[in-house]
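1. No letters, just coordinates:
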């Protein structure tokens, strides 16, 4: 079985004609017929019913999606090689960090490197760890420290601590009164929104979630909408609610009996030797510019690598 046989099979299936398929592939009809016969011998089944009108057999219908999957993967592989010739970077990030960390960094990088293809992927921490482990990406923005057992080797280039305030709508905040306790907040809030900012939630966050009479777990954007509508309270990383806090759509609540929460994130690479790539280092430095604005820098090794 070879690629030319698969292309002939796919083309005949599309055109319903050996003659049309031969014209499309710029070969003779005899060549198409020979390739189809060879493929049928290889798979051990008749793939087409020949006649005035050519159509797929049941075996041909079953084989077609697998044929197209192989051809599609081949095309992706060729495109990847073409991109590699031009230059390509792949970066993964926690979904909530795309806007505050990656977006502006990407714009600045591509202004100076228009010939470089950049792939940005997002996901939860375990998905990011899997992408880095499988070498699908070269840089990753992830929770820190990394506790995923799949990714045993990872180097932090920049570690940032971002606080995670409890927020509510202005109206709901008034109902809590000054210096409310956690119990008073949970009693008066319509619901507590549980958002998974950590690989393993800190004990305080777990305790509050378990104490809530009504608890809802949901993604960031719908959670923020519910809080702005006065339908709940929740802990959000500051970068995800900074605009709403600045505009007065949300208010930060400081429970009198609870210490502030925070989350550490890191810009990481599997091995710092990869930073010898000029473009990779340049993009990492652009992300670091945004990261230093985001919170308190706990570790910064990028300058040492230059």
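-> Arrived safely, thanks for sending. None of these values were measured; they are calculated from a predicted model. Residues are numbered from 1 along each chain as shown.
2. wait, is residue 205 part of a helix?
-> Yes: counting by DSSP: H, G, I helix; E, B strand; the rest coil, residue 205 is found in a helix.
3. I figured it hits residue 234, correct?
-> No: assessed by C-beta atoms under 8 Å, residue 205 is found out of contact with residue 234, at 10.4 Å. In short, each C-beta sits where N, CA and C put it, glycine included.
4. if you count what's nearby, which of these two comes out ahead?
-> residue 234 (27 against 20; other C-beta atoms under 10 Å).
5. Could I get the phi/psi values of the closest residue to that one other than its chain neighbours?
-> Nearest residue to residue 234, sequence neighbours excluded (C-beta to C-beta, 6 or more residues apart in numbering): residue 193, at 3.3 Å. Note on residue 193: its backbone torsions stand at phi -100, psi 120 [degrees, to the nearest 10].
6. Report how many residues lie close to residue 193.
-> Residue 193 has 25 nearby residues by other C-beta under 10 Å.
7. swap in residue 237?
-> With other C-beta under 10 Å as criterion, residue 237 counts 24.
8. Could I get the buried residue list for stretch 269-279?
-> 269-270, 275, 279 (16 or more other C-beta atoms under 10 Å).
9. Go through these and say which is closest to residue 107.
-> Residue 107 has its nearest neighbour among those in residue 279, at 15.3 Å by C-beta to C-beta.
10. Contacts only, for the closest one.
-> 87, 89, 113, 116 (C-beta atoms under 8 Å, 6 or more residues apart in numbering).
11. again, only using 6 Å
-> residue 116 (C-beta atoms under 6 Å, 6 or more residues apart in numbering).
12. gap between it and residue 89?
-> 6 Å (C-beta to C-beta, to the nearest Å).
13. quick one, what contacts residue 190?
-> 231-232.
14. Identify those among the buried residues of stretch 269-279 that sit within strands.
-> Those of the buried residues of stretch 269-279 mapping onto strands are residue 269, per DSSP state E.
15. quick one: buried residues of the helix or strand harbouring residue 287?
-> Using DSSP states H and E, residue 287 maps to helix 278-294. Neighbour-count burial for helix 278-294, counted by 16+ other C-beta under 10 Å, picks out 279-288, 290-291, 294.
16. With pLDDT as added columns, please give those residues in JSON lines.
-> What follows is the buried residues of helix 278-294, written out as JSON lines (pLDDT from 0 to 100):
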{"residue": "279", "pLDDT": "90"}
{"residue": "280", "pLDDT": "92"}
{"residue": "281", "pLDDT": "93"}
{"residue": "282", "pLDDT": "94"}
{"residue": "283", "pLDDT": "96"}
{"residue": "284", "pLDDT": "95"}
{"residue": "285", "pLDDT": "94"}
{"residue": "286", "pLDDT": "95"}
{"residue": "287", "pLDDT": "96"}
{"residue": "288", "pLDDT": "95"}
{"residue": "290", "pLDDT": "95"}
{"residue": "291", "pLDDT": "94"}
{"residue": "294", "pLDDT": "92"}
